[in-house]
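# A structural model of the following input is requested.
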Amino acid sequence: MAGTPEIRDVARGLQFPEGPVALPDGSTLVVEIRRGTLSRVGADGAITVVADLGGGPNGAAIGPDGACYVVNNGGFVWSTVGDLTIPLDVKTHTNEPPNFEGGWVERVDLATGEHRVLYRDCDGHRFRSPNDIVFDTAGGFWFTDLGKTRARDLDKGGLYYARPDGSSVTCAAYGLFGANGVGLSPAGDRVYVAESFTGRLWAWDLEAPGAVKPGGSGPGGGHCILATTGHFDSLAVEEDGTVVVAAITHGLCLVRPDASHEFVDMPDPFTTNLCFTGDDRRTALVTLSGGGRLVATEWPRPGLALAYP
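The predicted structure is shown next:
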């Protein structure tokens, strides 16, 4: 599948979209990070705001109660270069805004837009930049904290597991350099994280919901599946176990179960995320964030069905 696939626009004019979630009615939820909203893109491309969340909503997933759970990075610094929107100061590579206090995890009622914060910290450590989220079949969710960057230093990132009722959040791995996309294997026995600043894909085998097995040499006992020379963003998983990672400047990176990989070009250096839709889940919805587009492309294999909806 190497090369540039044929794509079609679903929506334009979005303000750095991410976290696409395909809904059964044919619409798509996205977060608009710069706008600070959870938005819905209709089948006709019309954009409506579901909830004005503030900060920087960065990833979204449907939970077992039908609500949408959003990880919020707390806000970025923004630059514009030509037609591209970029989530950092390009001169200093700082993305932490003035008077920054931290990020959070929140629940959004899709019918009313009502939202409430579930978590702001773990074990007393404030979240710096929650980034991506995925639910397991046990009803809990994994999420990542990317961390913020400043002119001369950056935060370490982590992988967390939480309950959707706000009762429990635990840290499974800490010390990642830009913990970004998160996803689960088809059997639900492995959790993947894309590490932004190193272009690595990490994996942790699971012994129970929310519990990683020790054994790897990486943070929290993680195993490095692949190391590239680029930057990684969010990810999705195919039904056969292939992990599809949005790769900054490189489009999409397909990582096979045997750890071989190939790149698929996309017409935006800030290709950030994707999800699968359609009756056979053979249509990929991709966020081209730099240009503010949500696009669709036919996919050669079915994507993995998510736990919800």
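
# tell me the secondary structure at A305.
The assignment at A305 comes out as coil when based on DSSP: H, G, I helix; E, B strand; the rest coil.

# ok, the nearest residue to it once chain neighbours are set aside - contacts?
Nearest residue to A305 in three dimensions, chain neighbours excluded: R281, at 6.6 Å (Cβ to Cβ, 6 or more residues apart in numbering). Glycine gets a C-beta too; all of them are placed from N, C-alpha and C. Applying Cβ atoms under 8 Å, 6 or more residues apart in numbering to R281 gives the contacts 239, 299, 302-305.

# which ChimeraX command selects the buried ones in the residues you listed?
Of those, the buried ones can be selected in ChimeraX as follows, counting by 16 or more other Cβ atoms under 10 Å:
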select :299,302,303,304
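
# pull the most distant pair out of the contacts of R281.
W299 and A305 (13.8 Å; Cβ to Cβ).

# distance between the ends of stretch 163-183?
16 Å (Cα to Cα, to the nearest Å).

# on that earlier part again, tell me the one among the contacts of R281 nearest to D265.
Taking the contacts of R281 together and measuring to D265 by Cβ to Cβ, the closest member is W299, at 14.7 Å.

# now do the contacts for the closest one.
By Cβ under 8 Å, 6+ apart, the residues touching W299 are 276, 281-284.

# burial measure for Y160, as a count.
25 (other Cβ atoms under 10 Å).

# what does H223 give?
Under the neighbour criterion other Cβ under 10 Å, H223 is assigned a count of 15.

# what sits against it?
Counted by Cβ under 8 Å, 6+ apart, H223 has contacts 202-205, 215-217.

# centroid-nearest residue for this protein?
D132 (3.5 Å; Cα atoms, centre = their mean).

# contact partners for that one?
Listed by Cβ under 8 Å, 6+ apart, the contact set of D132 reads 19, 58-59, 71, 143-144, 180-182, 234-235, 273.

# low-scoring pLDDT stretches of the stretch 1-150 of the chain, where are they?
1-3 (pLDDT under 70).

# repeat that with 90
1-4 (pLDDT under 90).

# just to revisit the earlier point, tell me the buried residues within the contacts of W299.
For the contacts of W299, buried by 16+ other Cβ under 10 Å: 276, 281, 283-284.

# does A22 touch D279 like I think?
No - look at A22 against D279 with Cβ atoms under 8 Å: they stay out of range, at 11.3 Å.

# neighbour count: these two, which is higher?
Between A22 and D279, counted using other Cβ under 10 Å, the more crowded position is A22 (21 against 7).

# how much space separates the nearest residue to that one once chain neighbours are set aside from F135?
With sequence-adjacent residues excluded and distances taken as Cβ to Cβ, 6+ apart, A22 is closest to T277, at 3.6 Å. The spacing between T277 and F135, counted by Cβ to Cβ, to the nearest Å, is 17 Å.

# contacting residues around V245?
Here V245 is in contact with 181, 194, 201, 232-235, 252-253, 255 (criterion: Cβ under 8 Å, 6+ apart).

# let's see it at 7 Å
By Cβ atoms under 7 Å, 6 or more residues apart in numbering, the contact list for V245 reads 181, 194, 201, 232, 235, 252-253, 255.

# which two among those are spaced furthest apart?
Largest separation among those by Cβ to Cβ: L201 and L252, giving 12.8 Å.

# so L285 touches L23, yeah?
No - here L285 lies out of contact with L23, judged by Cβ atoms under 7 Å, at a distance of 10.9 Å.
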